[in-house]
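In: structural data only, the sequence is not supplied:
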């Protein structure tokens, strides 16, 4: 197993880099690990001219089975160094159809793990989601290229922080060890159906509990009131939950 750590940060030894290093530390001894520090390269897009830098980076991406993408969150989004890398590599990561749709290309079915850090506290990031856009950009690029996501890790409260969070370092090492047992395919369909069933079961219980608490409808046997309030409450709760898990769910703490 070959793993490539891609660091898109201003500091090669900063907090983001230390979380990346901790993840690499957790890798099994048999794994081959290489660090790609993007600031060491002058990365420019393809313009029809020879581009030896992109050729070199493309080769590194090809040679490794798993990518660990690490970049801090600046201004509520992905760092410019990493964003420039993804933008310039885009024509080599996907292929375009005549209708301008993007399809996975040469990196399909590789795996990736994403890491980011931010100044905000864990509590603030949990409610505001300052790191959400960072993960969305990474996920959009990786999904378009056909890669399979392993997980994501976020380090919060990095403002004036001298040392990384020991708990997060342990988490990084944990996931580094788990990368060795990664699934070959994204076969979480059964898991998603089980999760959906559990969500529906919980929402139905909450809905009927609210009906009884607010309206007291069961005592009077009022069928249409029971039906209408159940549908309305259940729809609002389930729609909100699905929206959260579909669009907003990222690790924030």
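Out: Perfect, thanks for sending it. What you see is a predicted model; the values in this text were computed from it and never measured.

In: break this protein down into its domains, please.
Out: Following automatic domain parsing, the chain resolves into domains at 2-181, 189-248.

In: now render the ones you listed as JSON lines, adding mean pLDDT and mean neighbour count.
Out: To be clear about C-beta, it is placed using only N, CA and C from the backbone, and glycine gets the same treatment. As requested, the domains of the chain are exported to JSON lines (pLDDT from 0 to 100; neighbours: other Cβ atoms under 10 Å):
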{"stretch": "domain 2-181", "mean pLDDT": "95", "mean neighbour count": "17"}
{"stretch": "domain 189-248", "mean pLDDT": "73", "mean neighbour count": "13"}
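
In: ranges for the strands of this structure?
Out: 2-7, 32-37, 66-70, 73-74, 77-78, 94-96, 102-104, 111-117, 148-155 (DSSP state E).

In: quick one: the third one to strand 111-117, angle?
Out: Orientation of strand 66-70 against strand 111-117 (axes from the mean of the first three to the mean of the last three Cα atoms, to 10 degrees) gives an angle of 10 degrees.

In: for strand 66-70, name the packing helices and strands.
Out: For strand 66-70, the packing partners by 3 or more Cβ pairs under 8 Å, 6 or more residues apart in numbering; DSSP states H and E come out as strand 2-7, helix 15-25, strand 111-117, helix 132-144.

In: what strands flank it, and is each parallel or antiparallel?
Out: strand 2-7 (parallel), strand 111-117 (parallel) (DSSP bridges).

In: could you double-check that residue 26 sits in contact with residue 180?
Out: No - contact criterion Cβ atoms under 8 Å: residue 26 and residue 180 do not qualify, at 9.1 Å.

In: name whatever forms a beta bridge with the closest residue to residue 165 other than its chain neighbours.
Out: With Cβ to Cβ, 6 or more residues apart in numbering as the criterion, residue 165 has its nearest non-adjacent residue at 6.2 Å, and that residue is residue 155. Bridge pairing for residue 155 (DSSP bridges) gives the partners residue 117.

In: can you pull the contacts of residue 155?
Out: By Cβ atoms under 8 Å, 6 or more residues apart in numbering, the residues touching residue 155 are 15-16, 19, 115-118, 164-165, 168.
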